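A.B. asks: what's the 3D shape of this:
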Amino acid sequence: MGKAQKYVLLGDATYPLQDWILKPYQEDKNLTQRQLRFNYRLKRAHSVIENAFLRLKARWQILLKCDDCSLELLPTLVLACCILHNICEAHNNPFNEEWLEGTEPTELPKPCQPAPAAMEDGRAEQVRELMCQYFESCGEG
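C.D. replies: From the prediction side, this is the model:
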């Protein structure tokens, strides 16, 4: 869209809108088709990410029980699993669907209430609007 953007994290409605946290528009009957499309695409992207982490944990089940290693080792362990996982995926190493049986998606604790409006960054709405325009220009899907 002609404007350089930095990376953003995907959040749900409970997170504050920041220029580095992309969250959906608040669901209500006043959303435009464009905003609904944005929310839909954000939800699809979020599900892809969840699936990738599920596959990562299924292939490297040591990640399910990292509580027995030191905190200093944990970042290296996770990074090593990510690198090995990406190598396996890049080389079409077969993924055994049975591995998923031991890895139920876990819901991490999230805030129950949306973040206060005071935590929101006014510039972040410009980032969300730019992404909304981009999604609209990409067509359906």
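
A.B. asks: now H46: closest residue in space, sequence neighbours ignored.
C.D. replies: Of all residues not flanking H46 in the chain, L10 sits nearest, at 5.3 Å (Cβ to Cβ, 6 or more residues apart in numbering). Every residue, glycine included, has its C-beta placed from N, CA and C.

A.B. asks: mind checking how far the one you found is from I21?
C.D. replies: Counting by Cβ to Cβ, to the nearest Å, the gap from L10 to I21 is 8 Å.

A.B. asks: show me which of these two is the more surrounded one.
C.D. replies: More neighbours surround I21 than the other of L10 and I21, with 19 against 15 (other Cβ atoms under 10 Å).

A.B. asks: for the more buried one, what are phi and psi?
C.D. replies: Backbone geometry at I21, expressed as degrees, to the nearest 10, gives phi -120, psi 120.

A.B. asks: buried sites along stretch 6-22?
C.D. replies: 8, 11, 15-19, 21-22 (16 or more other Cβ atoms under 10 Å).

A.B. asks: which of those residues lies closest to K57?
C.D. replies: G11 (20.8 Å; Cβ to Cβ).

A.B. asks: residue contacts, that closest one?
C.D. replies: G11 sits next to 21-23 when contact means Cβ atoms under 8 Å, 6 or more residues apart in numbering.

A.B. asks: which strands or helices does the longest helix anywhere in the chain pack on?
C.D. replies: Identified as the longest helix of the chain according to DSSP state H is helix 33-59. On a contact count with 3 or more Cβ pairs under 8 Å, 6 or more residues apart in numbering; DSSP states H and E, helix 33-59 meets strand 9-10, helix 74-90, helix 122-137.
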